[in-house]
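Enquirer: Turn this into a model:
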Amino acid sequence: MDNNLLFSIESFPPLPESINKLNELCQFENIDLKAVIRLIESDPMLYTDILHYSNVPHHGFRNPITSISQAIALFGIAAIRGMSLTAALKAHPFTDVSPYGISVQEWFGVMEKQQRFLDLWLGKKHRPLLQSLGGLTFILEIGRLVASYALMFTQQTYQFNTHEPVPLFDEEKNILGNSGDELAVKLFEFWNFDTLFVNALNHSLSPESAMEPTTCGALKCARNLFTLKEIKPFESIEPMLEQYDFHSDDARIAYDMVMSEL
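Expert: Prediction:
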């Protein structure tokens, strides 16, 4: 990696210490849930944002969720980790993704649709697969933020011309020398995120070489359906579903539900 890019990764504003501690807790095989609850309750931003997300109308709960222990019981630790990462990014000092021709609100909106689709699709019949992603489904487009920061750090001005995942990957490499996903992977390694999490992002557009190809195949479907600037028809991912041995009916239902919520 070019030294300037490496310096940009090392100088990227860090996440709150509470996120680092949460990542450490989540790396153990037997996660200490009481420690996770204490940690989140000690951070007002995480506590407020997680309860806010837990109570959004599309979850359909009759009674409000009023505690972190309730949220963990209902959504699982991976989702809580994802909510925490999202909360940290929304409060991050650098939130400029204008090189991609979108606002930061639109950027978060894309990731919310990707996450919602994956949760509806995988949440019932493929729950272990969803849990293995460790919250990555909430921040699949994190590379766009890291690439924007690298452009600023290296004093380059550029507007990306495509929003399709694979062509965008190539365009980023042509301009920066590394794609946004590759830069985000380096950042996650620098932050000591766990290997499976990093590997899943690294291969979310190239599942064949991933540690868990099926898992990354699901990520690839979400990223190809919900791109930075448009929503693709469901038929566009049917060959991918077949390639990774998914039944298209479940994914179709999830897609239709996301579209009905827009």
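
Enquirer: Now do the host helix or strand of Ala73: which elements does it pack against?
Expert: Assigned by DSSP states H and E, Ala73 belongs to helix 68-75. The contact analysis (3 or more CB pairs under 8 Å, 6 or more residues apart in numbering; DSSP states H and E) places helix 68-75 against helix 33-41, helix 44-54, helix 77-90. No exception for glycine: its C-beta is placed from N, CA and C like everyone else's.

Enquirer: how distant is the shortest one from the center of its chain?
Expert: Right, the one you point to is helix 33-41. 22 Å (CA atoms, centre = their mean, to the nearest Å).

Enquirer: got it, and stretch 245-257?
Expert: 20 Å.

Enquirer: sec struct for Thr162, please.
Expert: Per DSSP: H, G, I helix; E, B strand; the rest coil, the secondary structure class of Thr162 is coil.

Enquirer: That one touches Leu168, doesn't it?
Expert: Yes: shown here, Thr162 and Leu168 form a contact pair, counting by CB atoms under 8 Å, at 5.1 Å.

Enquirer: thinking again about what came up before, tell me the buried residues in the helix holding Ala73?
Expert: 68, 71-72, 75 (16 or more other CB atoms under 10 Å).

Enquirer: Show me which of those is closest to Leu33.
Expert: Ile72 (6.3 Å; CB to CB).

Enquirer: I'd like the distance between the closest one and Thr154.
Expert: 41 Å (CB to CB, to the nearest Å).

Enquirer: ok, longest helix in this structure?
Expert: In the chain, assigned by DSSP state H, the helix with the most residues is helix 104-122.

Enquirer: Ala251: which element?
Expert: Judged by DSSP H and E, Ala251 forms part of helix 248-261.

Enquirer: So what's the gap between that helix and the chain middle?
Expert: Using CA atoms, centre = their mean, the offset of helix 248-261 from its chain centre is 19 Å.

Enquirer: Please parse this protein into its domains.
Expert: If you go by automatic domain parsing, the domain ranges for the chain are 17-90, 95-261.

Enquirer: Would you mark the buried spots in the following helix or strand past the longest helix of the chain?
Expert: Moving toward the C-terminus from helix 104-122, the next helix or strand (DSSP H and E) is helix 127-132. By 16+ other CB under 10 Å, the buried positions in helix 127-132 come out as 129-130, 132.
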